[in-house]
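Asks: Okay, sequence plus prediction incoming.
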Amino acid sequence: MRYAYYLFGVLILIALVLETGIEFRRHHLKHVALAVALIVLMAGLFVAADQLVFTTPHIIEAGGASTSS
């Protein structure tokens, strides 16, 4: 799931970078600013997903607490 998420994100990022370059040549600064804002938002979502969704699983041993003498 993580790799599919990253692949989809990279494809969208490439499309945004290409579109930003085209709009920058046409001097549509509003569109460039919006594309840059989307890229920053996407980067933030990647960080949030890595911290919140794709966490390392923790396996707890069955049998309860250990006793030490």
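Replies: That came through fine.
Asks: count of residues packed around residue 50?
Replies: 13 (other Cβ atoms under 10 Å). C-beta: built from backbone N, CA, C; applies to glycine.
Asks: Hmm, residue 20 and residue 36 touching each other?
Replies: Yes - contact criterion Cβ atoms under 8 Å: residue 36 and residue 20 qualify, at 6.8 Å.
Asks: More neighbours: which of the two?
Replies: Counting neighbours by other Cβ under 10 Å for residue 36 and for residue 20 shows that residue 20 has the greater number, 19 against 14.
Asks: contacting residues around the closest residue to that one other than its chain neighbours?
Replies: The shortest distance from residue 20 to any non-neighbouring residue, by Cβ to Cβ, 6 or more residues apart in numbering, is to residue 35 (4.2 Å). Residues near residue 35 by Cβ atoms under 8 Å, 6 or more residues apart in numbering: 16, 19-20, 23.
Asks: how far out from the middle of the chain is the helix or strand where residue 38 lies?
Replies: When elements are assigned from DSSP states H and E, residue 38 belongs to helix 29-52. Helix 29-52 has its C-alpha centroid displaced from the chain centroid by 8 Å (Cα atoms, centre = their mean, to the nearest Å).
Asks: That one: which residues count as buried?
Replies: Under the neighbour-count criterion of 16 or more other Cβ atoms under 10 Å, helix 29-52 has 32, 35, 46 buried.
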